[in-house]
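1. Build me a model from this:
(chains A and B)
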Amino acid sequence: MDFIATHLLSIILFFPALSALVILFMPKDEAKLYKWFALGASLVPFALTLYAWVNFQAVQAGYQFEEVYPWYTAIGSSLHLGVDGLSLSMVLLTTLLTPLALLASFNISDKVKAYMMLFLFLETGMLGVFMAVDLLIFFVFWEVGLVPMYFLINQWGSANRNYASLKFMIYTMGGSLGLLLAVQLLGVLFKTYDLQFITANWSTYTASIAGIPASTVKTVAFWAFVIAFAVKVPLWPFHTWLPDAHTEAPTAGSMILAGVLLKLGAYGFLRLILPLYPVEAKYFAGALAFLAVAAIVFGAFASYAQTDFKRLVAYSSVNHMGFVVLGIAAAAFAVGTDDARIALNGAILQMFNHGLSAAGMFFLVGVIYERTHTRNLEEFGGLFPLVPVYGGILIFTSMASLGLPGLNGFISEFLVVRGSFGVGVNSVSPVMAIYTAIAMLGLLFTGAYILKGIKKVLHGPMNENWAHGEHKLTEINTREIIVIIPLMVLISWIGLYPAWILDVINKAVVMLF
Amino acid sequence: MNFPVLSIITFTPMVAALLILMMPAQRRNETRAVALAAATFALILSIWVYFSYDQAAAGYQFVEKYSWLPALGISLHFGVDGISTPLVLLTGVVMFTGVLISWGDEDPHVKAGIQDRPREFFAFLFLLAGGVFGVFVSLDLFMLFFFYEIAVFPMYLLIAIWGWVKTREYAAMKLTLYLFIGSVVSLVGALAMYWVSYQNTGVLTFDMLQIEKAGFSQAFQNLWFLPVFFGFAVLGGIWPLHNWSPDGHVAAPTAVSMFHAGVLMKLGAFAALRVGIMLLPEGAKHWSWLIMLFAGIAVVYGAYIAFVQTDMKYMIGFSSVSHMGLVMLGLSTLNQNGLTGAGVQMFSHGIMTALFFAITGMIYDRAHTRQIPELGGMMKIMPFAGIGFIIGGLVSMGMPGFSGFVAEFPIFMGVWETRWLVAVIASISIVITAAYIMLNIRKVFFSELPEQLEGHVGDVTVLDKVAIATLCLLMIGIGLVPGLMVPMVQTGVENILRLLGGA
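-> Next up, the predicted model:
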């Protein structure tokens, strides 16, 4: 027990990867064994994360459960793990969604062993990013997570998977090139990759670098970081890989992609960009907010225009993640004010909430796709009487996505909007207020595309094809309900009583920014 | 004098080559068994050297010195430092795996590995391996050349006799001419060093540890650095003198390609470092910008050319040019990070490319084509090889968690410390590499199996699997625990830095 308490984070981090290795050595053709083992293995990190959550001291500043191991001593990098309120909530999201996604994948019948292994490796990759307190370790896990996701899309995806998976890979790797170079620059300057040391020294660094003024280098490095994270979030106009990747990925892959991988980008903004580049972030906050608003508005319009159910949900991610970046941009614009903190609280909670609702939505799309083998909205219609339970769940989850008061999306979007509008009103420049106002247009269309989705699937004249015969639509089954119920519980819990999580987030925000 | 482990390692393959030649030609499996036994023995000794090298003491260890031709100051002087120890291990690993994958399958349907005159094949291969070991452990300039030529010469026969019928004569001739001209140019420089060192110190010696202290003038170093460095760097595949290399790779039989890309190219880079940079450090400082320019071009250009290839072996051949460009890039920085990275990259690339060529050879032996558009569905047929190729691909892309990242990252840091713009430009190669590797994996391993390949393409042999697993584990091990190799290389780098700073 003592060992677990002192090595909590490394156990959470490496347990999935080690379990994947165990699966590797399991006997052939035991699909059921792989599935249950992977599910069980993914529950262990979840349980340990709950333990960490309970023992987490929200009022204490700095990282907790810290662990440091030597890794690449020659260039000053160590395996330094630690969590604060911000990262712990993301760790919780990851360890919660992974077992659900694994349970959602029980219908996989092809190459189950490889699938389960990749999924567990993916979990380790994602957790590593959230736990890293070392810039190089951050980058290592950032890149490592790409590989399992690439193969999940490439091997278990639908028709156009080759194109989508390569696009995903090349976009993200290309986007990370600048990050890689900027990380190397920081390592060369400081002879260490310790994040706390770099944060303390880089934001105040003024000496010129290789004859170039520090401010110029910092501006370039700032954009290198921004582009890497903006591709992942994804921010307009770097988002075009996302609809393809989502549409082609297997259901559980989409759940994790939308639920966690997109958060890695937003987490990068919060963990690295704001602390490392406070001056540049403030200076370019307007530009970031512009991109965020563009993502919100275009994401909503694009989503409304889709005829593919999964693509509709995919574009909704662009729309919702735009609010995260809007909150971050507003906070960067007015660091230290109450408005900024409200916006940041909203942004972080929105990350968590979007993780829940997007994973839920993609799962529900997957449920109906598996039965009908089509995602074309025109081929559905009037399905509510056939599948009342599924219909109810779909409406519930959609409403969370839409931002209905009482459900989680409302709380976070309200905080973001309140914060960024406040920043605009209370500072010298009203630009944030204007952007917030334009973003409302996007919010309006959020309602429109969500309702369009519901209408096309559940209401209107029934498509008789699904009513009887061999294509008769079957109700959502127990396993699928078990997947969605934890998400629904959290969605309403945060919607009705957000204090349990906002408390942790808020204290982290107050201490960090 | 301790146990003379380095000379045993060096002469084991040569003695084995003689033994094999004396065996009757029809005893094919016995020949192979002797080859495997010798390779295993050399591997075990090189592992032992690797782990008993005292990193705290650093410097040259396991030193042996026998007088050979005292009148001219030539001695058989062996010793390894932090740079050459990993390369000795690399040679041991490539030799061992090369024998495993050449064993093949006598089944006429498969006909993998070397079935044509295995006796002569293994004899020449081992002669080559002995030469390679010799170069890595030599501390005497004359002996270094001696072993260098021994390593290059069997390549001609191995390619011309056992190579790919279509291009083997052309490629063998091209390779041999390039390498011999390169080594002759270097030799002239080496003789110049020999004489000037005699004039400066009054001692007639080829001992590199002595020549290091000869105190060459700046003008002498500036003049002779280029011929010495580039003469060797030809074998390292430096742009624009690289184009013998892909042709040679393509024409060579599998095990020879593994040796060629895995070890021989390192020989060029190592000799360029050992003789060029370490004996003429001021010249290296003077010309480092030129090497960096060429290396930077090689990194990006090699990746582009690899991207457009349709023959798998050409693709890997040009990716080697790109990755060896990274080694040269690291050498040209002349600083701690860059040199350390170059040292690790030599090992990492050696293992990775040996794996690539091994698997390509396995596919070619069975499918009788290496054209990427004509291949497909190999993952179902040879899953083990497929996973090996994917792991090699990830190393090639510099994916963290694998040895490629551990090697490339310090190289880039070293370049940042000197000429940052080169780092920015060279980084483009990472994305191009990712693209061609992923496209290749997708087409060759995951697409549908073409009709003409159905039925007659089978899985790889158990020995092939052992070879693949050995190579993969090394790459993953160093990737996860850089401490296994990096501190060792660093001790060697400190010596180079001392020469660079103290001259």
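2. Contact partners for residue B:352?
-> Taking Cβ atoms under 8 Å, 6 or more residues apart in numbering or on different chains, we find residue B:352 in contact with B:323, B:392, B:395-396, B:403-404, B:471, B:475. The C-beta positions use only the backbone N, C-alpha and C, and glycine is treated the same way.
3. List, one by one, the residues from the stretch 301-450 of chain B near chain A.
-> Contact residues, the stretch 301-450 of chain B versus chain A (Cβ under 8 Å from any Cβ of the partner chain): B:337, B:340, B:394, B:397, B:399-401, B:405-406, B:409-410, B:412-413, B:416-417, B:420, B:423-424, B:427-428, B:430-431, B:434-435, B:438-439, B:442, B:446.
4. okay, and for chain A, where does confidence drop off?
-> Residues of chain A that meet the criterion pLDDT under 70 lie in A:1.
5. mind listing what the residue in chain B that chain A sits nearest to touches?
-> Of all residues in chain B, residue B:400 sits closest to chain A, with a separation of 3.7 Å (Cβ to the nearest Cβ). For residue B:400, the contact set (Cβ under 8 Å, 6+ apart) comprises A:139-141, A:143-144, B:479.
6. Could I get the full set of strands for the stretch 51-200 of chain A?
-> If DSSP state E, counting those that start in this stretch is used as the criterion, the strands of the stretch 51-200 of chain A fall at A:64-72, A:77-83.
7. Need the residues that contact the last one.
-> Put plainly, it is strand A:77-83. Strand A:77-83 is contacted by residues A:9-10, A:13, A:52, A:56, A:62-72, A:91, A:130-137, A:187, A:192-195 when judged by Cβ under 8 Å, 6+ apart.
8. Also the longest one?
-> In this structure, residues lying in contact with strand A:64-72 by Cβ under 8 Å, 6+ apart are A:6-10, A:52, A:56-57, A:77-84, A:133-134, A:136-137, B:406, B:409, B:482-483, B:486.
9. Which of the residues you listed fall within helices?
-> The members of the contacts of strand A:64-72 that map onto helices under DSSP state H are A:6, A:8-10, A:52, A:136-137, B:406, B:409, B:486.
10. export the residues you listed to JSON lines and tack on distance to residue B:456 and neighbour count?
-> JSON lines is the format used below for the ones in helices among the contacts of strand A:64-72 (distance: Cβ to Cβ, whole Å; neighbours: other Cβ atoms under 10 Å in any protein chain shown):
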{"residue": "A:6", "distance to residue B:456": "58", "neighbour count": "12"}
{"residue": "A:8", "distance to residue B:456": "55", "neighbour count": "20"}
{"residue": "A:9", "distance to residue B:456": "52", "neighbour count": "27"}
{"residue": "A:10", "distance to residue B:456": "49", "neighbour count": "15"}
{"residue": "A:52", "distance to residue B:456": "56", "neighbour count": "21"}
{"residue": "A:136", "distance to residue B:456": "48", "neighbour count": "27"}
{"residue": "A:137", "distance to residue B:456": "48", "neighbour count": "23"}
{"residue": "B:406", "distance to residue B:456": "40", "neighbour count": "31"}
{"residue": "B:409", "distance to residue B:456": "44", "neighbour count": "27"}
{"residue": "B:486", "distance to residue B:456": "46", "neighbour count": "24"}
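11. Quickly note the distance from the closest residue to residue A:301 other than its chain neighbours to chain B.
-> Spatial nearest neighbour of residue A:301, excluding adjacent residues (Cβ to Cβ, 6 or more residues apart in numbering or on different chains): residue A:445 at 6.0 Å. Noted for residue A:445: a distance of 35 Å to chain B, by Cβ to the nearest Cβ, to the nearest Å.
12. residues near residue A:445, how many?
-> Neighbouring residues of residue A:445 were enumerated by other Cβ atoms under 10 Å in any protein chain shown; the total is 21.
13. Now do the helix or strand encompassing it: which elements does it pack against?
-> Using DSSP states H and E, residue A:445 falls within helix A:431-458. Judged by 3 or more Cβ pairs under 8 Å, 6 or more residues apart in numbering or on different chains; DSSP states H and E, the packing partners of helix A:431-458 are helix A:285-305, helix A:309-333, helix A:388-402, helix A:408-426.
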